[in-house]
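J.: this one's sequence-less:
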């Protein structure tokens, strides 16, 4: 006999052995052990540890001799404890064989019930329960379940038989089928199993059990389970436990039943039992939904004894776990059995309320409460969302480019959007993609839907800036602009037709849907929880805001500063864009200066608004960042227009000539890779007058306010610095303008000049930059683009989805910070920067600043603050606290 | 009296004090000291050390009290040594005050001669020399020189006077002017100085001397000197010395004269004195070129004594320095004086010959010879160049995109290029920019000139690949394609007009110029020198080659392997492009497979050629790298074409529809930033069949050859890997195809699979990649793009030139490797890679692999090889040796 290199450690624990580790037993096994230890009524049984499934897989899907031995001994022990025997023809022992991983993976893995039945024991069960119908029903369930899970046969094979039998018997539901018919069904099921497999359905009980255990092990590696783990970031190397438990039956008459209950309402958090109970049924019948279950609370009247016992147990479990429980139970002939307990999944609203209530009840302290709420889930609370009661067909799915839902009548041009809006209509702007010429239409619309473009496309960036919902890059959408119609697969819609977009999910529906608006202020309970979070966190939370409204909103939600105020959106507003274009198209420095001079008052006014809204707090203003051609009409459109004009009006026409002149300039400014072109501080170095104008506007605004007694704290941020001389020149220029304005005005304004670290080279030479930069702010969007060599615009509609599918990437690095690559460069920048400027203030203002796991990483880096969009401030406050507490990784 | 914090170290050295350090005395002072110590005839004098100029500048342009004291003492000592006195009205001491930096900066800094003359001493000089005309001529030179250098007056002020006087006297040259007139001129010059300055020309000799010293100090910081240093990579903090030397006069009659001589011919290297001598003249007269000097060799007949003495001195100096010298001398009344000696600048050809000869003569050893030749200069030898005797007007300057010169008749389309070529004409293809559709025209042309595009534009990359000259991005060029004409500023040319382009310099001339062809093989002397270099170097030198011809050429020039064989150029050839386009436009995997199947034989044939040419040596083949839309017609052109077709033929025409279908596909594939888009290994992951076909072609070729007994060593290189899963998947796929081909064929082929490290993330996770990659090759072109966030295409025509001008960058990082940023990431990659795979082979195949200072950096990184274009292999062999010897930094 060959000796397998099997683990010698104990691989099986009975529920009463005191082992309660989820790592070892999985969630279900641990719960059953805890309940058993607490003296609660749990059917006897044991758990095969999670590691056994990994060893099984590593050994080429073989159960080791050691495990086999231990399993045999455990089965004997179970017989001893229950006083029943496997295969006993008079009173057979039946068990369920169920999976149970450390983290709940509902429905992803296999379960086999009624193991222990065969042609002989079924008769014993019938006699023993005095219910032949029940016994044969249980047997047919086993044969079907075993064949599909262990042999992998198609479920349809068995469903077809059932359908046919019901038709023959002219009945609708299973309970109407009698014992004789179930006998015939079992025979047919066994024939199917025999035809499709070598061995057929095993009559030997030990063979049944081992097959079922293997099936559970294998289900850990099934595609759906693997996909689920990927999606939920559950490691593959945890493995699943197997729980073997004596069967109890809820379908043994009206004094039996089965139920699922939450100890509190998982939607609202209200302290009240919540759940369902189905009389004379097994668990799978509840799922099948053929009969309507009763509310768990109604048990108080219908089965007061059971209800009383259950309520007491539920309370005990909640107190034991100090957490809301989701409990499965069965009543067999009036006796209550607990089959599972676990922490209950809940809505964000419920999570907050429950956390607060548990503190009130003295079950947990505030730190624990802070750790109990999934920070990311708070996002649900701050956007309009589609009413969950709406059931609708998803016409297509695009990129969830800017969160929230919008419903409105479709329009196909920016001008139409404005016209409809002026008539008092609500519209959704539908475009192939948007350009600066569309911004007035975006302002008028409730939301934006585009066929092309990724998360950094014009539409996405501008919509996020405006806080408007946007679904971008919806590739199935085809737009016929001339005829103001669009099609999605078969369906089509035209101007004025209602559509709904959900920028949180990317879903698009071709009708009007009811929306639930976001709360107008921080809900009271959340405010309390966040105040507890604030007491725990080390990281400050700042916000990215480009307008006074956004700044006020951010402050209201708890922002401690503005980490990123983008000035380009100020340039894109309708009344300014023509001046900006004039500035860009200027042929002489004088013409450029004249246009800039006209922009200055606009910018000053913008800055007055933001600085005033954030009085007493720092406001980090980034100087102009995007390539200038972003403010001009698109090259593609101009090419078509000039060609049309040339052929219709002639090359000598004034119309053609003037449009062609614009084309020439746009062609001249055209770049192969604008992301890597003439932008960021390069603009400020080649056109110093642009940055000088912006800095003047900032400090004129600051001085105006300072003289009115407002405490202003402007921070000037230079974008895209990659070398020490870029930093020095732009910082010196900025300081020189700032100081001269301050001197002119004769007031006192304290400010800093720093840089946005968003290029790999900036990280590698951060020590040099720190000589001139007073602060760093990581621009992780661009840093991710250059570190990976991914253009977000191109990648998120193209290879990133495929990379996620193929698990080349575990996360989209634009959503979850890449710790090893991008994070490695950030760590280097922090070390080098603080090596030169010891107390240097360092933050993050990329979109990762509002994503919980990225915030946890920022905590480990020792950053001073994270900055995120206003509505993510609550998320960041909570996540920062969890990171400080070490409960968020 | 205030005590300045002046350096207390000795700041002045007389030439006979034994100090000969160039760092301390500058080149000129050190040379004069060496010659003085050797007993050669040098006029007495001393040197103010280089550091003094820096202290002067740091002290706000003030000469310290300490230096002033030391200078006074030195001037007294000079009086003692010469037996003359400053300001002596009978026999005044006159001196020259000249700059002298460590590295020669010819003509960049100031010199003042005849210092010591004033209204009184001029009379003394006249009497003493018995030559009134000479004395007043010397005095007017001093007044003018002093006024322009010390006071900064315009030279024209003085030239105008001279012009007028000559007109009045009706003479053409200075020597025709008599003493009286010079007196008048001096008076006028002094008036000018007095009118334009507070103090006027100083009569006090000490004031003259201090003013002259300050002028020399200041000239170190002049714009032209600063620009020169930047261009030649000379640090700013070296400073300049000042040499104060007793004047000797070559213009004191026919027994006087002045000359410049090289100890060997600086153009050919021949061992023969080379230079010029002008009788009765001062140095500046030689430069003025009014009289024709005689050849130095002719002195043997005309002044045999002087010649004999000079030859002996020249030989002594050459032996002393063990290096060719460039010597300035003056003969004053039959007596020879040496005024300067320095290493002679020379052509590449001369440098090689001289290095070899010096070894033959026993003056230097082979290692020294290897260090003596500027590796970069060898580039001159391997391209056609414009005959140096051609004098021509540069019509415009573009980017030197692919080296070498070409002359031919202009054509404006690829088809015309082919038609003219078929008629036996030589043509230069002139395009706004090129696309894959132009490649047949580029093949037919001698060279390519484009108005748009940078060093990685299609034209540049393809021309370099073909080894054809290319001047790209010539912005002054405007092309009227319809009329087959072009204009550059005022000038215009049409089809058939001769033009010449110089891809080495970027120059364009609008006529036919005589070209000197490159040598057909490695010149014999260079081959010898390189064999010595090979004995010293540690780095291997490989070549980048895409064709068998290039591979053979590279091997002939000494390449030890192919470091980069780009497969995309194989796809762009005229007979393959339609199949490639079919593959890309394929709507089904079957259609794609069918096109790929037709490409396979082409690729196999290509690989057979290259592998055979490199038998016994490794050939690194990079799988497909560029975005697929590079193989399709340009979006801009399609937009114009479809608009034209729609308006002329109608939207229902077949022509419009078929073109519009191509447009749709191109639009679909269009990317915002193709550099960061669907390319490199991302292609191989999304379209695995493309890489599989390429790998199959490689190994079918390898097996064919192996079975014919050829020693093949293919290395498969995956481009653009950024994460471990990309590496693993592509490497596993490649190995699986390779192994199955090898097995099918039943032969033995050893190969490796590695990756091109060209993304910052690849450097940061290099330890992970090294698990699957057997070798790394740094693709520093792309790595520089992503590290800096610079698109080379956009940056090199846009902000990089401005950055160089403003000294934000000291070098174009695409030409000289950025050691701190890109180099820092490379160092990390080497450490991480070798940490996992100890003996990992690591090379570089970016363009930096052929640039000497970048090669020196690769030596310090411990790379195994550098790979460069075939004609740069000799440069790299030499530079690698110099790097190993530590003489190249």
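T.: Received, thanks. All values derive from a computational prediction rather than experimental measurement. Residues are numbered from 1 along each chain as shown, chains lettered A, B, ... in the order given.
J.: show me the shaky parts of the stretch 251-400 of chain A.
T.: A:284-291 (pLDDT under 70).
J.: buried sites along the strand or helix carrying residue A:230?
T.: Element membership of residue A:230, judged by DSSP states H and E, is helix A:223-232. Neighbour counts over helix A:223-232 (16 or more other C-beta atoms under 10 Å in any protein chain shown) mark A:225, A:228, A:229 as buried. Just so you know, the C-beta spots here come from the backbone N, C-alpha and C atoms, and that holds for glycine as well.
J.: closest to residue B:711 among the residues you listed?
T.: Of all those, residue B:711 sits closest to residue A:229, with 48.6 Å by C-beta to C-beta.
J.: where's that closest one relative to residue B:859, distance?
T.: Going from residue A:229 to residue B:859 by C-beta to C-beta, to the nearest Å gives 48 Å.
J.: same check, this time on residue A:596
T.: 50 Å.
J.: swap in residue A:804?
T.: Distance from residue A:804 to residue B:859, by C-beta to C-beta: 42 Å.
J.: more neighbours, those two?
T.: Neighbour totals were compared for residue A:804 and residue B:859, and residue B:859 leads with 22 against 15 (other C-beta atoms under 10 Å in any protein chain shown).
J.: what's near enough to touch the more buried one?
T.: Going by C-beta atoms under 8 Å, 6 or more residues apart in numbering or on different chains, residue B:859 touches B:538, B:539, B:880, B:883, B:884.
J.: rerun that using 6 Å as the cut-off
T.: Contacts were defined as C-beta atoms under 6 Å, 6 or more residues apart in numbering or on different chains; by that measure residue B:859 touches B:539, B:883.
J.: hmm, back to that, looking at the buried residues of helix A:223-232, which is nearest chain B?
T.: Nearest to chain B among the buried residues of helix A:223-232 is residue A:229, at 16.1 Å by C-beta to the nearest C-beta.
J.: skipping adjacent residues, who's closest to residue A:764 in space?
T.: Excluding the flanking residues, the one nearest residue A:764 by C-beta to C-beta, 6 or more residues apart in numbering or on different chains is residue B:824, at 4.5 Å.
J.: for residue A:324, same thing?
T.: Counting by C-beta to C-beta, 6+ apart, residue A:344 is the residue found nearest to residue A:324 once chain neighbours are left out, at 4.4 Å.
J.: which secondary element of chain A has the worst mean pLDDT?
T.: Of all helical and strand segments in chain A, the minimum by mean pLDDT, DSSP states H and E falls on helix A:283-288, at a mean of 65.
J.: and the helices in the stretch 101-250 of chain A?
T.: A:121-129, A:132-149, A:155-169, A:179-196, A:205-219, A:223-232 (DSSP state H, counting those that start in this stretch).
J.: next one, pLDDT for the closest residue to chain B within the stretch 101-250 of chain A please.
T.: Residue of the stretch 101-250 of chain A nearest chain B, by C-beta to the nearest C-beta: residue A:230 (12.4 Å). In this model, residue A:230 is scored at 73, pLDDT.
J.: what's the answer for the one 10 residues further on, then?
T.: The predicted structure scores residue A:240 at 95 on the pLDDT scale.
J.: for residue A:172, see how far away it is.
T.: Separation of residue A:240 from residue A:172 (C-beta to C-beta) stands at 37 Å.
J.: then residue A:317?
T.: Distance from residue A:317 to residue A:172, counting by C-beta to C-beta: 38 Å.
J.: which bits of the stretch 701-850 of chain A sit near chain B?
T.: Contact residues, the stretch 701-850 of chain A versus chain B (C-beta under 6 Å from any C-beta of the partner chain): A:722, A:725-726, A:759-761, A:764-765, A:786-791, A:793-794, A:798-799, A:802, A:808, A:820-821, A:824.
J.: chain A now?
T.: Counting by C-beta under 6 Å from any C-beta, chain A sits next to chain B at A:636, A:639-640, A:643-644, A:647, A:671-673, A:675-678, A:682, A:686, A:722, A:725-726, A:759-761, A:764-765, A:786-791, A:793-794, A:798-799, A:802, A:808, A:820-821, A:824.
J.: ok, and the closest non-adjacent residue to residue A:137?
T.: Residue A:137 sits nearest to residue A:182 (C-beta to C-beta, 6+ apart), 5.3 Å away.
J.: list the contacts of that neighbour.
T.: Contacts of residue A:182 by C-beta under 6 Å, 6+ apart are A:136, A:137, A:140.
J.: got a list of what residue A:760 touches?
T.: Each residue near residue A:760 by C-beta under 6 Å, 6+ apart is listed here: A:786, A:787, A:825, B:760, B:787.
J.: before we move on, back to that, who has more neighbours out of residue A:317 and residue A:172?
T.: Set side by side, residue A:317 and residue A:172 show more neighbours around residue A:317, with 22 against 9, by other C-beta under 10 Å.
J.: doesn't the more buried one lie inside a helix?
T.: Yes: under DSSP: H, G, I helix; E, B strand; the rest coil, residue A:317 sits within a helix.
J.: wouldn't it be in contact with residue A:323 here?
T.: No: Residue A:317 is beyond contact range of residue A:323, at 9.1 Å (criterion: C-beta atoms under 6 Å).
J.: what bits of chain A have low per-residue confidence?
T.: For chain A (pLDDT under 70), the answer is A:1-8, A:231, A:284-291, A:436, A:455-457, A:461, A:464-465, A:797.
J.: contacting residues around residue A:133?
T.: Counting by C-beta under 6 Å, 6+ apart, residue A:133 makes contact with residue A:179.
J.: sorry, that was for residue A:592
T.: Residues near residue A:592 by C-beta under 6 Å, 6+ apart: A:583, A:586.
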